[in-house]
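1. Sharing a model that was predicted from the sequence below.
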Amino acid sequence: MRKYDNKLIMVIGAGLFQSVAIKQAKELGLKVLATDFDPQACGFKLADYQGIVSTRDIEATTSFAVKFNKKHKIDGVLTIGTDVSCAVAGVAEALGLVGVSPETAVKATNKARMRECFWKNAVPAPKWREVFSLEQAEKAVRELGLPVVCKPVDNMGARGVRKVEKIDDLKFAFENSLRNSCVDAVVVEEYMHGAELSIDTLVYKGEVHLLTIADRHIEREPYFVEVGHTVPSMISEDVKQQVFEVMKQGIKAVGIENGASKADMKLTEDGPKIGEITARLSGGYHSQFTDPLSTGMNSIKAAIDIALGFELDLSDITPVRNYTACERAIIPVPGRIIDIKGLDEAKKIPGFEKIFLHLNIGDSVEPVISNMGKAANFICTGKTRKQAVSCADKILDTIKIVTEANCSAVV
């Protein structure tokens, strides 16, 4: 009997990024239970069992899993690409499965508790304050100095995140962050200058295994919109080791012993500093697409094995090639979409891999001030960084999402 026979894994979340894990689990021969609040979530089409329950509702998700487990034994639970680690931890604890503890999940999700861990354990990170009112935010700015960044303590995808360079902008930034926080709390932290990286790792029996480091391409200040990423990073081997050491410090501080961890990090003049850390593999098309295209690794399979309590197979996370893979966003001028040009031509460009259209003709494009609301994302690759980046640039030049605003601008 193969080790996956008669095993069932629960994937919390059934969106695009989680659907890649669901598909991988099915290919291994596993049964899959997927849960999501959206009954139309694409991952439900792949799963054997579906649960309509909010991924952020820890109690409801755990209760659903406990009831389901009485009929069909759940052997493992995980998510990728979305910050629902607390729900994963709740299920794991209730069913005695491999996973981080609820306490660790909070530290890897709540930005205030996360930073407390970092400072307590001397992990390089920005100076910060947790605030609940505009008066407290103003005090934080006096203590930290400008510029600062305001962000909700419990959201992802740069929702509600804004740089503040003038005190006159603080009120708007604070209120924007507060609106995007489920617990009505905001982090005000010093702005870190420097290039930004995304680091993916797996942790097995306390040992941290580096997967990939990506260069993140962030634009549109005072907001932080990721317009793409490139794997592998251009950093030197020496800096790579510094980054990995800081990553290991962060993982140890929040207490991840088995599972995955992803972090965003800035290369400051004082060295690498962690901005965020999670208890999951990355989203943003990184662990799902650019990681395997660049390296040939199967980190999602490895994460599934760890969640099921199987031994980590190092061959799954050993690179077999050294290509460059790019993800880029297409962000049109706001307005109603009246045409999408160049798709067929773009698909013929050497190195093109996939495109994900999120909006169609007739839909409205809103101003993008976070990582939500992009019209499309695409993936491309090349044997060298020059080839891959050139391919990405050609695709961006070829695909044109035309809005009414575009036409008005031309007239």
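-> Good, I have the coordinates.

2. how is the protein carved up into domains?
-> 8-97, 127-190, 193-318, 325-410 (automatic domain parsing).

3. quick one, helices of the stretch 1-150 of the chain?
-> 16-28, 58-71, 85-95, 102-107, 111-120, 134-144 (DSSP state H, counting those that start in this stretch).

4. what about dumping the CA coordinates of stretch 165-176 to CSV?
-> C-alpha atoms of stretch 165-176 as CSV (Å, rounded to 0.1, in the frame of the first residue of the first chain):
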residue,chain,number,x,y,z
GLU,A,165,6.0,61.1,5.3
LYS,A,166,4.1,64.2,6.6
ILE,A,167,2.2,64.4,9.9
ASP,A,168,-0.7,65.8,8.0
ASP,A,169,-1.1,62.4,6.3
LEU,A,170,-1.2,60.4,9.5
LYS,A,171,-5.0,60.7,10.2
PHE,A,172,-5.9,59.3,6.8
ALA,A,173,-3.3,56.6,7.0
PHE,A,174,-4.3,55.5,10.5
GLU,A,175,-8.1,55.5,9.7
ASN,A,176,-7.4,53.5,6.5
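
5. average pLDDT across it?
-> For stretch 165-176, mean pLDDT rounds to 96.

6. Which residues belonging to it are considered buried?
-> D169, L170, A173, F174, N176 (16 or more other C-beta atoms under 10 Å). Any C-beta I mention is one placed from the backbone N, CA and C, and that applies to glycine too.

7. mind checking the end-to-end distance for stretch 105-124?
-> 20 Å (C-alpha to C-alpha, to the nearest Å).

8. what does it contact?
-> The contact list for stretch 105-124, computed with C-beta atoms under 8 Å, 6 or more residues apart in numbering, reads 83, 85-86, 88-90, 100, 125-126, 128, 130, 151-154, 183, 185, 187, 189, 246, 249-250, 252-256, 261, 270-274, 276-279.

9. what residues are up against L16?
-> Contacts of L16 by C-beta under 8 Å, 6+ apart are C42, G43, F356.

10. next one: K31
-> With contact taken as C-beta under 8 Å, 6+ apart, K31 is in contact with K7, L8, I9, D48, Y49, H72.

11. Could you list the low-confidence segments of the stretch 101-250 of the chain?
-> For the stretch 101-250 of the chain, no stretch is flagged by pLDDT under 70.

12. Filter the contacts of L16 down to the buried ones and hand me the PyMOL line.
-> A single PyMOL command suffices to select whichever of the contacts of L16 are buried according to 16+ other C-beta under 10 Å:
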select buried, resi 43+356
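
13. Closest one of the contacts of L16 to A302?
-> G43 (19.7 Å; C-beta to C-beta).

14. Tell me which stretches of the stretch 251-400 of the chain form helices.
-> Using DSSP H, counting those that start in this stretch, helices in the stretch 251-400 of the chain cover 291-295, 299-307, 343-347, 385-398.

15. Out of these, which is closest to R2?
-> Here helix 299-307 is closest among these (C-beta to C-beta), at 12.8 Å.

16. how distant is the closest one from the center of its chain?
-> Centre-to-centre, helix 299-307 and its host chain are 17 Å apart (C-alpha atoms, centre = their mean, to the nearest Å).

17. from here on, count from 559
-> That works, and once the first residue is 559, the last one we named lands at helix 857-865.

18. picking that back up, ok, the contacts of L574 vs Q576, which is closest?
-> G601 (5.2 Å).

19. My guess is the closest one contacts G571. True?
-> Yes: counting by C-beta atoms under 8 Å, G571 is a contact partner of G601 at 7.4 Å.

20. most packed of the helices of the stretch 559-708 of the chain?
-> helix 643-653 (a mean of 25; mean count of other C-beta atoms under 10 Å).

21. Just the residues contacting that one, thanks.
-> Residues contacting helix 643-653 (C-beta under 8 Å, 6+ apart): 568, 570, 613-617, 619-620, 623-624, 627, 632, 635-637, 655-660, 662-664, 666-667, 836-838.

22. one more time with 7 Å
-> Under the criterion C-beta atoms under 7 Å, 6 or more residues apart in numbering, residues 568, 570, 613-614, 616, 619-620, 623-624, 627, 632, 635-637, 656-660, 663-664, 666-667, 836-838 lie in contact with helix 643-653.

23. what does stretch 684-691 give?
-> Against stretch 684-691 from outside (C-beta under 7 Å, 6+ apart): 670, 673, 695, 698, 701-702, 711, 742-748, 750, 831.

24. rewinding a little: generate TSV for the domains of the chain, with distance to R560 as supplementary columns.
-> Below are the domains of the chain laid out as TSV (distance: least, C-beta to C-beta, whole Å):
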stretch	distance to R560
domain 566-655	6
domain 685-748	36
domain 751-876	11
domain 883-968	30
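
25. Nearest to L755, out of the helices of the stretch 809-958 of the chain?
-> Comparing the helices of the stretch 809-958 of the chain by C-beta to C-beta, helix 849-853 comes nearest, at 13.8 Å.

26. The closest one - contacts with which helices or strands?
-> strand 765-777, strand 882-888 (3 or more C-beta pairs under 7 Å, 6 or more residues apart in numbering; DSSP states H and E).

27. Do me a favour and average the pLDDT over that helix.
-> For helix 849-853, mean pLDDT is 98.

28. V878 contacts G854, doesn't it?
-> Yes: counting by C-beta atoms under 7 Å, G854 is a contact partner of V878 at 3.8 Å.

29. which of the two has more neighbours?
-> Comparing V878 with G854 by neighbour count (other C-beta atoms under 10 Å), the higher total belongs to G854, at 13 against 9.
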